[in-house]
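**Student:** missing the sequence, but the structure's below:
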């Protein structure tokens, strides 16, 4: 489980580094199986929501980043000067340009997750971005929960450029080899 989470976070970090022209590190510190949706702790987060299609099933997951770090990624994607990115990180809300940049980042996160997991599930797994959701502290992302569905909760730390470390949370569906179509 931890190796899978580590691989996904490393692929996301690599793709975001190329996208933003800043070094991005996302490292897994723990992974566990859970039956309730995990939530970020200690502040407002942005959930980059993901849809997984596997053998007829539609499953869900997300990458949660603290709001200031998501804003920083959006600013770097928009090639804003570091001073402006720093000022926007302190703001409690997003402007329209930042919202659109976050949606673009979500697409890259979906593609990176797809690429990383195809190594483990080459026969038909597909991952796509479902957009972004702002989350209050301790709030889990909103996506459908099927009876008996379980997740892999991957917690880790990240850093963007020379910025301070932050906590990140990767939620992956527990993918079973034998899956029945959802109907």
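**Tutor:** All right, it came through fine. This one's a predicted model, so the numbers in the text were calculated from it and none came from an experiment.

**Student:** Low-confidence bits of this structure, can you list those?
**Tutor:** Within the chain, the segments meeting pLDDT under 70 span 177-183.

**Student:** Show me which helix runs longest in it.
**Tutor:** helix 96-118 (DSSP state H).

**Student:** The helix or strand just after that one pairs with which strands, and in what direction?
**Tutor:** Next helix or strand after helix 96-118 toward the C-terminus (DSSP states H and E): strand 126-135. When pairs are called by DSSP bridges, strand 126-135 turns out to pair with strand 45-54 (antiparallel).

**Student:** Specify the angle between the strand it pairs with and helix 96-118 in degrees.
**Tutor:** For strand 45-54 against helix 96-118, the angle by axes from the mean of the first three to the mean of the last three CA atoms, to 10 degrees is 40 degrees.

**Student:** Burial check on the residue lying closest to residue 155 once chain neighbours are set aside, number of neighbours?
**Tutor:** Once flanking residues are discounted, residue 155 sits nearest to residue 30: 4.9 Å by CB to CB, 6 or more residues apart in numbering. From N, CA and C alone the C-beta is placed, and that goes for glycine too. By the criterion of other CB atoms under 10 Å, residue 30 has 11 neighbours.

**Student:** Helix, strand, or coil at residue 30?
**Tutor:** Here residue 30 is recorded as strand under DSSP: H, G, I helix; E, B strand; the rest coil.
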